[in-house]
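Student: Just need the structure, nothing else, for what follows:
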Amino acid sequence: EHPLRGITSNKFGTDMATKARGWIPPIPDVIATRILQKAIENVESPIVDSLVMLMEDLIDIDEKYSEKNKSLHTRLRTDLIKETIKLLPEKYKIKFKQTHTTLRSEIDGCSDPTSILRLIFVDIATSCTILIQAFTGMRTGELCSLVGTLCVKTGLPSCVVRKKSKSGLLDIYYLKAKLKKTLDAPEEYEWVAGCCLHNSHEIPLAIKAATLLQRLYSPWTKGGRKYDLWFTFNSRRSIPYGKSGLARPTVGAHSSRLKDFTIRNIDLSDIPDADTDGTDLVRYKKSKGAIIRAHQWRKSFAIWLFRYDSNLTAAISEQFKHLSLAMTEEGYLGNDPLLLEALDATRTQETVNFFYEASMGQRSLAGGMAKRIELHIESVKLLVDISNPELSKQKIQNWVVTNNVQIHFAEHGKCLMCISPGDSRCNKISGTDSW
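Tutor: Residues are numbered from 1 along each chain as shown. Below you'll find the predicted structure:
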């Protein structure tokens, strides 16, 4: 029997190293921006109303004629699709003269307009799910749990929650979904999706995408028992017959749609072999984007926010429903030197604040390390000038950096390994050296 189950030693080493790091890279900016631009263009497309009307009319034809007169049923569907295509803007008509590649097959638009029309529909729906993930950081499993029934009071999908900010100036929008990871049983949580001025007619892009998904699938969900925000089609190529042609969303279906969307719509042939950060882009070009994973949007979301403001680490952790800041920092912000430098600076500042507050008697000390900290507090008190807090903190910061005293903060407590490495329980449990 092959010792590595038939794979090469190089691939085995790469796979194991990736799993050990637990690191999925973000989508490179040069690729992410192209995908988002196309997704936004699709969401704002003028053909959405035409597609929804077409689906409603097709379902009506299916219910009236599919059993009674199959030949008439087929002819009416074909004629309706042809008439709809004639009314589309020119940039969409071109699609019916092209060959469209998917992961599974190539579809000849000239001979199968129904399949091409279906691809246009699916691409718009996929654009919506991409925007929701890109601007909320949701996992795909949570994306699949969104409920799409329409709320009559708000005119928005029932998974959308709108709350007024404390100042009353803004409306903050949330998406409700079921969190499964890190919990024994699924629970409903809210993800921030954006904000707008109070009572504004504008809504955040992620909410616009959720609203559009509800509209796209409404022909199949009206008066029925289907409650999801988005669906997959039971048929592989055509537009499904009747209201029974939908299947519930799955992680695998979203992953396939994302890959197909990128292959069909995003030209990566002209991107450089590496970006300004040194990230290898050749593999993205060779695969035409098929290697992109949905979870990478979550990583991109975290890094975009962190680069905007490194003080948002705690907010990102809360948005991602992480158990600790360490999970956010190590698993999502990765090994980017600039990010690590910012994280280090943030920890240093938090350590400075901790010692300043403790020296002023504003923070009580407890736990096994309290006595050791009190010894350091005596040194810190000599640096504090009550009349000048800023100068005091600057002196404390110099002391922290010089003595390499840095505290790692987490929800369950504070790690002070730097103060007494020999007493570190982490080192004792793992059997590693204190130095």
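
Student: C-alpha from now on. contacts and neighbour counts both.
Tutor: Fine.

Student: Excluding sequence neighbours, find me the nearest residue to residue 55.
Tutor: Leaving out its chain neighbours, the residue that sits closest to residue 55 by C-alpha to C-alpha, 6 or more residues apart in numbering is residue 219, at 6.2 Å.

Student: what's the burial count for the one you found?
Tutor: 21 (other C-alpha atoms under 10 Å).

Student: separation between residue 372 and residue 365?
Tutor: Distance, residue 372 to residue 365, using C-alpha to C-alpha, to the nearest Å: 10 Å.

Student: Strands along the stretch 51-200 of the chain, start to end?
Tutor: In the stretch 51-200 of the chain, strands defined by DSSP state E, counting those that start in this stretch lie at 99-101, 106-108, 160-164, 170-179, 187-197, listed in chain order.

Student: To residue 378, which of those lies closest?
Tutor: Smallest distance to residue 378 across the strands of the stretch 51-200 of the chain (C-alpha to C-alpha): 43.5 Å, for strand 187-197.

Student: Show me what the helix or strand just after the closest one is packed up against.
Tutor: Toward the C-terminus, strand 187-197 is succeeded by helix 205-221 as the next helix or strand (DSSP states H and E). Counting contacts by 3 or more C-alpha pairs under 8 Å, 6 or more residues apart in numbering; DSSP states H and E, helix 205-221 is packed against helix 48-65, helix 113-136, strand 187-197.

Student: Need phi/psi at residue 148.
Tutor: Phi and psi for residue 148, reported as degrees, to the nearest 10, are phi -110, psi 10.

Student: Farthest from the middle of the chain: give me that residue.
Tutor: residue 382 (47.8 Å; C-alpha atoms, centre = their mean).

Student: got JSON lines for the helices and strands packed on helix 205-221, with mean pLDDT and mean neighbour count too?
Tutor: Shown next, in JSON lines, are the helices and strands packed on helix 205-221 (pLDDT from 0 to 100; neighbours: other C-alpha atoms under 10 Å):
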{"stretch": "helix 48-65", "mean pLDDT": "89", "mean neighbour count": "17"}
{"stretch": "helix 113-136", "mean pLDDT": "91", "mean neighbour count": "22"}
{"stretch": "strand 187-197", "mean pLDDT": "91", "mean neighbour count": "17"}
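
Student: out of those, nearest to residue 232?
Tutor: Checking these against residue 232 by C-alpha to C-alpha gives helix 113-136 as the closest, at 8.8 Å.

Student: now for that closest one, which elements pack on it?
Tutor: Using 3+ C-alpha pairs under 8 Å, 6+ apart: helix 113-136 touches helix 29-43, helix 70-87, helix 140-143, strand 187-197, helix 205-221, helix 251-265, helix 295-308.

Student: sorry, back to before: could I get the contacting residues of the residue nearest to residue 55?
Tutor: 52, 55-56, 59, 243 (C-alpha atoms under 8 Å, 6 or more residues apart in numbering).

Student: and of these, the nearest to residue 170?
Tutor: Top of the list for closeness to residue 170, among the contacts of residue 219 and by C-alpha to C-alpha, is residue 52 at 32.0 Å.

Student: who's in contact with the closest one?
Tutor: 215-219.

Student: nearest to residue 198, of those?
Tutor: Nearest to residue 198 among those, counting by C-alpha to C-alpha, is residue 215 at 24.2 Å.

Student: Excluding sequence neighbours, find me the nearest residue to the closest one.
Tutor: Closest residue to residue 215 apart from its sequence neighbours, by C-alpha to C-alpha, 6+ apart: residue 52 at 7.2 Å.

Student: Tell me, how many residues neighbour residue 262?
Tutor: Here the number of neighbours of residue 262 (other C-alpha under 10 Å) works out to 22.

Student: how close does it get to residue 171?
Tutor: 33 Å.

Student: sorry, back to before: looking at the helices and strands packed on helix 205-221, which is nearest to residue 282?
Tutor: Minimum separation from residue 282 across the helices and strands packed on helix 205-221 (C-alpha to C-alpha) falls at helix 113-136, 22.9 Å.

Student: shouldn't residue 178 be in contact with residue 159?
Tutor: No. Judged on C-alpha atoms under 8 Å, residue 178 makes no contact with residue 159 at a distance of 10.3 Å.

Student: shared neighbours, the two?
Tutor: Counting by C-alpha under 8 Å, 6+ apart, the common neighbours of residue 178 and residue 159 are residue 146.

Student: More neighbours: which of these two?
Tutor: Using other C-alpha under 10 Å, the more surrounded residue of residue 178 and residue 159 is residue 159, with 22 against 18.

Student: quick one, what contacts the more buried one?
Tutor: 146-148, 175-177.

Student: Go again with 10 Å.
Tutor: Neighbouring residues of residue 159 by C-alpha atoms under 10 Å, 6 or more residues apart in numbering: 145-151, 174-177, 190, 207, 210-211, 228-229.

Student: Filter these down to the buried ones and hand me the ChimeraX line.
Tutor: The ChimeraX selection below is limited to those of those classed as buried (16 or more other C-alpha atoms under 10 Å):
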select :145,146,147,148,149,150,174,175,176,177,190,207,210,211,228,229
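
Student: What ranges in the stretch 201-350 of the chain fall below the confidence cut-off?
Tutor: Counting by pLDDT under 70, the stretch 201-350 of the chain contains low-confidence ranges at 322-347.

Student: Could you do the stretch 1-150 of the chain as well?
Tutor: 1-7, 9-23, 96-111.

Student: switch the cut-off to 80
Tutor: For the stretch 1-150 of the chain, applying pLDDT under 80 flags the ranges 1-24, 90-112.
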